[in-house]
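Visitor: Sequence and computational prediction follow.
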Amino acid sequence: MPATDVRRNIVEIINEAREKFALNTVTTLTADKEATLMLRLLNDVIDEVSDYGDWKEMIREVVVTASSSVFDYSVETSALVKNLHEIAFDTNTSPMWLETLDNILRLNRNPGTGEPRQWCVIGVDSNANPKLRVYPTPGSNQNNKTFKITYYQKPRLYTTTDVSATPEFPAKMLIAGLVARKSLEESGGTPTQQYAAYQASFQNMLRDAFNRFNGDSGSDCLFRPAYNKLRRK
């Protein structure tokens, strides 16, 4: 299946949504106030889709080099990290063990050096990258060896210059979410029957798209909490 059957660029997504409201298509995202508004709403939809779960489309990997006597490391990437999946040290087959903050603090009060086996996120650095603490602290034998980190990337915010940028998520789902958001905006934030229909269509597409790579293998079964207002509070 060609990528264009699933994904479209920002202006194509916005134009298909505009057609639902009998608006002319545009070639730039500053063509009128509606185009700029719909870009803002599309960013909200993409953020909501990202928060729905860990999408396989957003899996990334990065390598961080260990230094002897250093137990704090920043996961430096070119984009924001949504959450970390696993960390493996050097050539180990098994990943390191994720610890709670309380346990990693307790372990570090009894310092030891050696091959890191446990880790925990203890905050973020000045660039909003996750900051890790590992235990034991790497020693001289672990110097310049690497942590292999698998993580889920958070989508960036798109701006008016991103006409040709293509979000990683299925375009039809994003268009459905954008139409629902625009309908709610036009009603002044009051849910209407039309909005309810648009929103239900978006939620169905969201569940189906997430299931495509996460549970629809023919042998696995994926369960998620109900997608409603109570869940989002």
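Guide: Looks like it arrived, so ask away.
Visitor: Now do the helices in this structure.
Guide: 10-20, 33-52, 101-108, 171-186, 193-214, 229-232 (DSSP state H).
Visitor: Show me what counts as buried in the second one.
Guide: So the one you mean is helix 33-52. 35, 38, 39, 41, 42, 43, 45, 46, 49, 50, 52 (16 or more other Cβ atoms under 10 Å). C-betas here are computed from N, CA, C, even on glycine.
Visitor: nearest residue to residue 123 other than its sequence neighbours?
Guide: Nearest non-adjacent residue to residue 123, counting by Cβ to Cβ, 6 or more residues apart in numbering: residue 131, 4.8 Å away.
Visitor: Could you dump the helices of the chain into a markdown table and include mean pLDDT?
Guide: What follows is those, written out as a markdown table (pLDDT from 0 to 100):
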| stretch | mean pLDDT |
| --- | --- |
| helix 10-20 | 96 |
| helix 33-52 | 96 |
| helix 101-108 | 92 |
| helix 171-186 | 96 |
| helix 193-214 | 91 |
| helix 229-232 | 48 |
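Visitor: Of all these, which one is nearest residue 156?
Guide: With Cβ to Cβ as the criterion, residue 156 lies closest to helix 33-52 of these, at 9.0 Å.
Visitor: Convert the C-alpha atoms of the closest one to CSV, please.
Guide: The C-alpha coordinates for helix 33-52 follow below in CSV (Å, rounded to 0.1, in the frame of the first residue of the first chain):
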residue,chain,number,x,y,z
LYS,A,33,-8.2,33.0,9.3
GLU,A,34,-10.0,29.7,8.9
ALA,A,35,-6.9,28.0,7.6
THR,A,36,-4.9,29.2,10.6
LEU,A,37,-7.6,28.2,13.0
MET,A,38,-7.9,24.8,11.5
LEU,A,39,-4.1,24.3,11.8
ARG,A,40,-4.4,25.1,15.6
LEU,A,41,-7.3,22.6,15.9
LEU,A,42,-5.4,20.0,13.9
ASN,A,43,-2.5,20.3,16.4
ASP,A,44,-5.0,19.6,19.2
VAL,A,45,-6.3,16.5,17.4
ILE,A,46,-2.8,15.2,16.8
ASP,A,47,-2.0,15.7,20.5
GLU,A,48,-5.1,13.9,21.5
VAL,A,49,-4.3,11.0,19.1
SER,A,50,-0.8,10.8,20.6
ASP,A,51,-2.1,10.7,24.2
TYR,A,52,-4.5,7.8,23.3
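Visitor: Alright, calling it a day.
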